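Chemist: Next one to model:
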Amino acid sequence: MKTIEINGHLREAVGSTSAKQLRREGQVPGVVYGGGSNIHFYADERELNKLVYTPDVFKITLNLDGEKTVAVLREAQYHPVSDKMLHIDLVQVVAGSPVTIQLPVALTGNSIGVKNGGVLRKNAKKLLVKGMIDDLPDTISIDITKMKIGSVKKVGELSVPGVEFLETDNRVVVAIKTSRKAVKTDDEDEEEGEEAAEGAEAAAE
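Modeler: Predicted structure coming up:
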């Protein structure tokens, strides 16, 4: 997993008044959960934008006044109108303990079904997983090369070393839907040809 370093400062005052003042100064208040006690901090909004405005998932080295803590992103909260970041929650990585995190889904290959006019539906951009931080990949990679029209790939069919999926097994991650432009695959043509030949033989008998 990729690593990013975020520089910030410990918060001396905690509360809505203090948080508003920090935001006016271009800072974002945050909390690190999961350790012995919660860590209240703030960091420059531009620093945190490198973490949240990206499809990548990072292991975060949070440097707070010289004290470093390893964490992962839990959630960022935004203003409903301006979309400015209001608050950020991180979860501390504890040595020897697994972390729960959402990993992005990456599709590889060229689907047979799409080549034949089917429509690719990516139903899940991210999946909730659990594992040791150093074992987790950057993405959940799914090869769609052999997927035909009508094929679906569900969470229960995925297998990634060191990764435990926390989604329901029947959740559809990716599907190839039919469309007006869809044509038959070579395999489907062969199957229908065999069935027609069998029917002709039966009629002759």
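Chemist: drop to CA atoms for contacts and neighbour counts, all remaining ones
Modeler: Will do.
Chemist: Might you report the residue contacts of T69?
Modeler: 60-63, 92 (Cα atoms under 8 Å, 6 or more residues apart in numbering).
Chemist: what's the closest non-adjacent residue to K148?
Modeler: Counting by Cα to Cα, 6 or more residues apart in numbering, the nearest residue to K148 once its immediate chain neighbours are dropped is G113, at 3.9 Å.
Chemist: I'd guessed L120 sits against K177; true?
Modeler: Yes - between L120 and K177 there is a contact at 6.4 Å, judged by Cα atoms under 8 Å.
Chemist: buried sites along the helix or strand hosting the residue nearest to K148?
Modeler: If you go by DSSP states H and E, G113 is part of helix 112-115. Neighbour-count burial for helix 112-115, counted by 16 or more other Cα atoms under 10 Å, picks out 112-114.
Chemist: same question, stretch 80-99
Modeler: 85-94, 98-99.
Chemist: which ones among those residues are found in strands?
Modeler: The strands, defined by DSSP state E, take in 85-92, 99 from the buried residues of stretch 80-99.
Chemist: which stretches of this protein form strands?
Modeler: Using DSSP E, strands in the chain cover 2-10, 27-33, 39-44, 58-64, 67-78, 85-92, 99-108, 119-122, 126-131, 140-143, 152-154, 164-165, 172-177.
Chemist: taking the ones you listed together, which one is wrapped up most tightly?
Modeler: strand 27-33 (a mean of 22; mean count of other Cα atoms under 10 Å).
Chemist: Need the contact partners of it.
Modeler: 19, 22-23, 38-45, 71, 85-92.
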